[in-house]
Each structure stands twice: as C-alpha cells, then as structure tokens.
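Colleague: mind folding the following:
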Amino acid sequence: MPKTLGKDSTCSIARSLEVVGDTWTLLIVREAMVAGYTRFQEFRDALGIAPNILTKRLALLLDEGLMVRRTYQEPGCRAREEYALTEAGRSLSLVIAALGEWGRTHRPHPGGTTPEFLVEESETPAQLAFVTSDGAHVPPERLVARRTPDR
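Modeller: Numbering: from 1, shown residues only. Next up, the predicted model:
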C-alpha cells in the first residue's frame, strides 16, 4: 500500500514524492539518464546500494511506469533483465537538472560534478528556465506560486 504524504494527497508534489521522494529512487533515475546504465550490477556498483534496496526501488520504478524491464543475452551467457527509462522516466530530466543546478549553486563541493544536458543532434547545452507563454524568461525571484487544479 503506497504511503500518503501529508494530509493533502491531491497535491501533485505530494503525489510525485510518493514515487520519487526516496533518495535511492532519484539516484537510480540519474544513473540511467546520465550514465546510461540499464543493468542491476551497473546501478549497484555506481551507487553502492544494497541489493535488496535496489530490487525494491527498481520494482517501484517498474510499477509506476518510469522504467520497463527488457531481456538481453550476451553470447555464451544466460538471459538477464535490464531496466530502461520510459517517457515518464525520461521526463524526470527536468527534476534531475533542477536538483543538479540547485546543488551546484547552493551546495558546492570541491571536485563535485553536475549533469549537463545537451541537445542530442548538436551537443548544444540546454538551460533550465521559467518561460512565459510568449517565450519571455522569468527569473525565479520574480515568481509566486499558487495552487491550481490539475488539467
């Protein structure tokens, strides 16, 4: 049974955190997105995560439609499973990029790294921004947030 965060389960942020609010879950998505990892052992090696926790988090990502499981087989080896991001999983790139940018700005670390997102065809760096419907960029300090109904 999924947990409900707070008393307002209608909030889109609370609903999202029910799926990706665990540290390991977002780090698995990060590794799939940034490093291109798809295999259990790749995630385990990169994160230093216990196998039982990785198994649970991958199951959650599968159940919630953020990843799909595919079978692969290397020559001379038994068939194994790999995990690939779905469109929903790939759309977390905005979240990963925003967390990376926030961490680089507000939690700098000597020798630290931050994912850079590039346009695939041209390798042009892409930037996060709030943009109005007419394309004007809005700095975060000029924003206010209001609750609105889901569309």
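
Colleague: list the contacts for D22?
Modeller: Applying Cβ atoms under 8 Å, 6 or more residues apart in numbering to D22 gives the contacts R57. All C-beta atoms are positioned from the backbone trio N, CA, C, and that covers glycine.

Colleague: and the residue of the chain positioned farthest from its centre, which of the three is it?
Modeller: What lies farthest from the middle of the chain is G76; by Cα atoms, centre = their mean that is 33.7 Å. Three-state assignment for G76 (DSSP: H, G, I helix; E, B strand; the rest coil): coil.

Colleague: any idea how far it is from R39?
Modeller: Noted for G76: a distance of 17 Å to R39, by Cβ to Cβ, to the nearest Å.

Colleague: equivalent analysis for G89, please.
Modeller: Separation of G89 from R39 (Cβ to Cβ) stands at 16 Å.

Colleague: the two: which has the busier surroundings?
Modeller: Taking other Cβ atoms under 10 Å, G89 and R39 do not tie; G89 has more neighbours (21 against 13).

Colleague: surely V29 is in contact with L61?
Modeller: Yes: using Cβ atoms under 8 Å, V29 makes contact with L61 at a distance of 7.3 Å.

Colleague: between those two, which contacts overlap?
Modeller: Common neighbours of V29 and L61 (criterion: Cβ under 8 Å, 6+ apart): G89.

Colleague: so where's this protein shaky on pLDDT?
Modeller: Along the chain, the model assigns pLDDT under 70 to residues 1-8.

Colleague: and the strands in the chain?
Modeller: Using DSSP state E, the strands of the chain run over 67-72, 80-85, 130-131, 137-138.

Colleague: what's the most buried one of those?
Modeller: Using mean count of other Cβ atoms under 10 Å, the stretch among the strands of the chain with the largest mean neighbour count is strand 80-85, at a mean of 16.

Colleague: residues touching that strand, excluding its own?
Modeller: Against strand 80-85 from outside (Cβ under 8 Å, 6+ apart): 29, 32-33, 38-40, 43, 58, 61-62, 66-73.

Colleague: quick check: angle from it to strand 67-72?
Modeller: Counting by axes from the mean of the first three to the mean of the last three Cα atoms, to 10 degrees, strand 80-85 lies at 150 degrees to strand 67-72.

Colleague: so what's the gap between strand 80-85 and the chain middle?
Modeller: Computed by Cα atoms, centre = their mean, to the nearest Å, the chain-centroid distance of strand 80-85 equals 16 Å.
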